[in-house]
Each structure stands twice: as structure tokens, then as C-alpha cells.
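Asks: just a sequence and a predicted model for now, questions to come.
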Amino acid sequence: MNSSKANILNSICLIVIGLWGYVEVSSPTALIPVGFGAALAFCIAGLKKDNKVIAHIAVLLTLFILIALVGMRLPKSIDQGGLGLVRVLLMTGTSALSMVYFIKSFIANRKAKS
């Protein structure tokens, strides 16, 4: 797997699970991950072409959603439990996985320059 494929997985997960959450709870805040997932989906072509600016935008978006999920949503979901917790854990997991592959990609690119 590479950063492009990890981003595809993350964006699909954010969109699908965000829509699932919206359908289940009818809260507009459940659409926030959908927006981030859509923005990350627009970055896919640039990531495949190794565009540095697009890669940094994708990392920033992924970092923002990861912080929001872990810092704001996860504690509430742990208290409530149920499928909401599963949804948050899945989105957090794919976002964290995506960050790992972005970091690996940046390290590999830095080593290739040297």
C-alpha cells in the first residue's frame, strides 16, 4: 500500500461512514467527515502524480479530521457506546493509517533526494 491508496481508503471510509451516521442520527454534524472525505477524494489525482502541494493539503486535511475525531468525537462516543463508537473507531483507524503512509512517503522522498 502507498499513500495514494491509503488516501483512497480513508476518503471512501469517511464518506460512507459519515453518510451512515447522518442517516442514523439525522445530525448535520455527521456530514463533517463526508466533507473531509470529499476533499480528500479530490486530492487523489494529485497524489498519484506525486504533487507535493496536493500531498501537503491531503496531510493537513487528514490531520484535522484525525484531531477532530480523537479529541472531540471519540470521548462522546465512548460514553454513548454502540454503533456510533464503531463508526468513530473505523474513521479514526483509516485516518491514522493514512497519516502513517503519508509520513512514510515523505521520509522516502526525502531519502531519495539525498
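Replies: Perfect, I can see it now.

Asks: CA atoms only: put stretch 102-112 into PDB for me.
Replies: Extracted in PDB, the C-alpha atoms of stretch 102-112 (Å, rounded to 0.1, in the frame of the first residue of the first chain):
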ATOM      1  CA  PHE A 102       1.900   9.900   4.200                       C
ATOM      2  CA  ILE A 103       4.800  10.100   6.700                       C
ATOM      3  CA  LYS A 104       6.400   7.100   5.200                       C
ATOM      4  CA  SER A 105       6.100   8.700   1.700                       C
ATOM      5  CA  PHE A 106       7.600  11.900   2.900                       C
ATOM      6  CA  ILE A 107      10.500  10.100   4.500                       C
ATOM      7  CA  ALA A 108      11.100   8.100   1.400                       C
ATOM      8  CA  ASN A 109      11.000  11.200  -0.800                       C
ATOM      9  CA  ARG A 110      13.500  12.900   1.500                       C
ATOM     10  CA  LYS A 111      15.900  10.000   1.300                       C
ATOM     11  CA  ALA A 112      15.600   9.800  -2.500                       C
END
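
Asks: tell me the mean pLDDT for that stretch?
Replies: Averaging pLDDT along stretch 102-112 gives 91.

Asks: next: stretch 22-42.
Replies: For stretch 22-42, the mean confidence score works out to 93.

Asks: list the buried residues in stretch 91-101.
Replies: Going by neighbour count (16 or more other CB atoms under 10 Å), the buried part of stretch 91-101 is M91, T92, T94, S95, L97, S98, M99, Y101. All C-beta spots, glycine's among them, are computed from the backbone N, C-alpha and C.

Asks: roughly how far out does it sit from the chain middle?
Replies: Centroid displacement of stretch 91-101 relative to its chain, using CA atoms, centre = their mean, to the nearest Å, is 6 Å.

Asks: for it, give me every contacting residue.
Replies: For stretch 91-101, contacts defined as CB atoms under 8 Å, 6 or more residues apart in numbering pick out 1-3, 5-7, 9-10, 13-14, 17-18, 33, 59, 62-63, 65-66, 69-70, 74.

Asks: ok so, going back, could the buried residues of stretch 91-101 be laid out in a markdown table, adding secondary structure and distance to A108?
Replies: Formatted as a markdown table, those follow (DSSP: H, G, I helix; E, B strand; the rest coil; distance: CB to CB, whole Å):
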| residue | secondary structure | distance to A108 |
| --- | --- | --- |
| M91 | helix | 26 |
| T92 | helix | 25 |
| T94 | helix | 21 |
| S95 | helix | 20 |
| L97 | helix | 17 |
| S98 | helix | 16 |
| M99 | helix | 15 |
| Y101 | helix | 10 |
